[in-house]
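Peer 1: sharing a sequence plus its predicted fold:
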Amino acid sequence: MYKFFSKFKALLMVSIMAISLTACASQTPDNNVSDTVSEAETTATETPAADTPAETVKLKMYAHYTSEDEKSQLDYAMAEMKKIMPNVEIEVDVMPQDSGAKLKTYFATGSLPDIFEVSTSDIATAVNSNSAVPLDDYIQKLNIADQLTPTGQSLLMQQDGHTWGIIGSNTNFAVIYVNKALFEEAGAKVPENYEEFLQAGELLKAKGIVPLGIWLKETWPPLQLFDMFSLTQSQKGITDLDLNGTANASDPAYLNAASKIQEIANKGLISKDAFSMDYDSAVADFKSGKSAMLLCGNWMAQEFGDTMGDDVTLLLPYVLADASEAQAVKDSGVMSGGGFTGGFAVAANSQYKDIAAEYAVQFALKNIEARIVKTGELNTMLEASFTPEKAPNALTNQLSEAVANVKYSTIMGWGFESSKIQTDLGSEVQKLFTGEYAPDEFATNVNAFLEKNRQ
């Protein structure tokens, strides 16, 4: 399987060329919504696929399609695909925000939609269950690799040397967004190290403001905060706890991360409702001023910058380092998150495998284009350049500047190579947020399943 860390340098070389980014990543309802694309302009700017059928073919696609940003992106990509494969109609099966639970059900029942989104860890499940079609021949036939940057090309190499999921998004990074107005109201300084982080948290809490917004209904946000804490002592972060990592949870960097999560939980610096909170509610609380900080991804920068203006800024991992270490961590250029394999896969049980595969590999690139055009997401995957519909605001420019200085990066909390390690580690990290789970016990339990899964 593709190993992210061996290729992060290519990713970063592309990332520093970018000047704008944001995307959307919220999805909540667990119901199927059908959306058949209306007939778009059929004058193609690309060469239509040779196997485009003469009669209409309907394909079902399992994808993110809840928020307005997600809908605008998918609608854009599907309209562009109408120019290439005009006789294909897409019914969208909405992917809920459930950490992949519904997709696992699809795998188990053998009832996968024709095209479906997969994360890195989903690929192994798809391959081992013979649920997905290898996309290599379609990528070659349609010259997909030539349209990708070196970063994008590197992510095509997946399990057994094949492409099982064609990438459909750009690089993602995790940051902590800050409402400066709430800090000023509480008489708190925007922190530059962990000690100041705790001091600000106490002042905000005294004002009845939740210091740090995070939702624990999913496992990737707690994993991401754990990664950010561990980065203050290890440049590999959570990637070194993955299948091919060499670290153990009892190593100093991870014990330190566990201890600090336990500490902020015990000090009441996260919401009492965090365990029942989902993405949308956490974002809403931050926008409405109920929480002063929010751990989230780069995709919210443009939206927060538009709605909150000069009141919003962002923090990077070095802020979670002790005062004696913060400057060194800042100078190291380390960042939480990065590229990952995955994207859009094609079901082996599809009645129209060839058509679905040709659609998927081209749609994936159109989806990346849509994310750039509609929301200004950082372009790290496509050779072509595109102009966003919205000019980047101050927060997006701040994030772009930060990304330009990245020298090392990890993965997002959904990008593990091993789905088993991702699930189990996420569960163990979640328990740290209760404040009652001892870091030593955490390390012992994590080491036990790491040893088992790495054999």
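Peer 2: Ah, there it is.
Peer 1: which residues in the stretch 351-455 of the chain form strands?
Peer 2: For the stretch 351-455 of the chain, applying DSSP state E, counting those that start in this stretch gives strands covering 408-409.
Peer 1: over to the chain?
Peer 2: With strands called from DSSP state E, the chain shows them at 57-63, 88-94, 115-118, 172-179, 210-213, 291-297, 312-315, 334-335, 337-338, 343-346, 408-409.
Peer 1: identify the residues contacting Thr246.
Peer 2: Taking C-beta atoms under 8 Å, 6 or more residues apart in numbering as the contact definition, Thr246 lies against Asp240. In this view, the C-beta of every residue, glycine as well, is placed from N, C-alpha and C.
Peer 1: at 10 Å what do you get?
Peer 2: When contacts are counted by C-beta atoms under 10 Å, 6 or more residues apart in numbering, Thr246 touches Lys236, Asp240, Arg454.
Peer 1: closest one of these to Ala448?
Peer 2: Compare each of the contacts of Thr246 with Ala448 using C-beta to C-beta and the shortest gap goes to Arg454, at 11.2 Å.
Peer 1: so what pLDDT did that closest one get?
Peer 2: As summarised for this prediction, Arg454 has a pLDDT of 93.
Peer 1: who are the contact partners of it?
Peer 2: Taking C-beta under 10 Å, 6+ apart, we find Arg454 in contact with Asp242, Leu243, Asn244, Gly245, Thr246, Ser418, Ile421.
Peer 1: what of Lys267?
Peer 2: Counting by C-beta under 10 Å, 6+ apart, Lys267 touches Leu198, Gly201, Glu202, Lys205, Pro211, Gly435.
Peer 1: farthest pair within the residues you listed?
Peer 2: Pairwise distances among the contacts of Lys267 were taken by C-beta to C-beta; the largest, 15.6 Å, belongs to Glu202 and Gly435.
Peer 1: so how far is stretch 116-132 off the chain centroid?
Peer 2: Averaging C-alpha coordinates over stretch 116-132 and over its chain gives two centres that are 17 Å apart (C-alpha atoms, centre = their mean, to the nearest Å).
Peer 1: what of stretch 299-307?
Peer 2: A distance of 16 Å separates the centroid of the chain from that of stretch 299-307, by C-alpha atoms, centre = their mean.
Peer 1: then stretch 240-247?
Peer 2: Relative to the centre of its chain, stretch 240-247 is centred 20 Å away, using C-alpha atoms, centre = their mean.
Peer 1: about what we covered before: okay, and which of the contacts of Thr246 map to helices?
Peer 2: Using DSSP state H, the members of those that fall within helices are Arg454.
Peer 1: just the contacts of Thr246 now: which is nearest Pro439?
Peer 2: Checking these against Pro439 with C-beta to C-beta, the nearest one is Asp240 at 17.3 Å.
Peer 1: please name the nearest non-neighbouring residue to Ala200.
Peer 2: Taking C-beta to C-beta, 6 or more residues apart in numbering as the measure, Ala200 lies nearest to Ala188, with 3.9 Å between them; neighbours along the chain are not counted.
Peer 1: count the neighbours of the residue nearest to Gln327 when sequence neighbours are not counted for me.
Peer 2: With C-beta to C-beta, 6+ apart as the criterion, Gln327 has its nearest non-adjacent residue at 7.6 Å, and that residue is Tyr318. The number of residues packed near Tyr318 is 23, by other C-beta atoms under 10 Å.
Peer 1: I'd say Tyr318 and Asn405 touch.
Peer 2: No - with the criterion set as C-beta atoms under 10 Å, Tyr318 and Asn405 do not qualify as a contacting pair; they are 11.2 Å apart.
Peer 1: from memory Gly152 sits against Leu382, does it?
Peer 2: Yes - taking contacts as C-beta under 10 Å, Gly152 lies within contact range of Leu382: 7.0 Å.
Peer 1: more crowded one of those two?
Peer 2: Neighbours around Gly152 and Leu382, counted as other C-beta under 10 Å, are more numerous at Gly152. The numbers are 25 against 18.
Peer 1: any idea how far His64 is from Ile144?
Peer 2: 21 Å (C-beta to C-beta, to the nearest Å).
Peer 1: cool, and Glu195?
Peer 2: Distance, Glu195 to Ile144, using C-beta to C-beta: 49 Å.
Peer 1: which one of the two has more residues nearby?
Peer 2: A side-by-side neighbour count of Glu195 and Ile144, using other C-beta under 10 Å, places Ile144 first with 22 against 14.
Peer 1: phi first, then psi, for that one.
Peer 2: As for Ile144, its main-chain torsions (degrees, to the nearest 10) stand at phi -70, psi -40.
Peer 1: pLDDT score assigned to the residue nearest to it when sequence neighbours are not counted?
Peer 2: Spatial nearest neighbour of Ile144, excluding adjacent residues (C-beta to C-beta, 6+ apart): Val361 at 5.2 Å. Per-residue confidence at Val361 stands at 98 (pLDDT).
Peer 1: what does Asp354 give?
Peer 2: At Asp354 the predicted local distance difference test score is 97.
Peer 1: ok now stretch 251-269, how far from the chain's centre?
Peer 2: Put simply, stretch 251-269 sits 23 Å off its chain's centre (C-alpha atoms, centre = their mean).
Peer 1: please identify the buried residues of it?
Peer 2: The neighbour-count check on stretch 251-269 (16 or more other C-beta atoms under 10 Å) flags 251, 253-258, 260-262, 264-265, 269 as buried.
Peer 1: which stretches of the stretch 51-200 of the chain aren't confidently modelled?
Peer 2: For the stretch 51-200 of the chain, residues meeting the criterion pLDDT under 70 lie at 51-53.
Peer 1: do a quick rundown of the helices in it.
Peer 2: According to DSSP state H, counting those that start in this stretch, the stretch 51-200 of the chain carries its helices in the segments 68-84, 101-109, 120-128, 136-141, 150-154, 180-186, 194-206.
Peer 1: I'd like the ones you listed laid out as CSV, including distance to Asp310.
Peer 2: Converted to CSV, these look like this (distance: least, C-beta to C-beta, whole Å):
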stretch, distance to Asp310
helix 68-84, 23
helix 101-109, 40
helix 120-128, 37
helix 136-141, 45
helix 150-154, 33
helix 180-186, 8
helix 194-206, 19
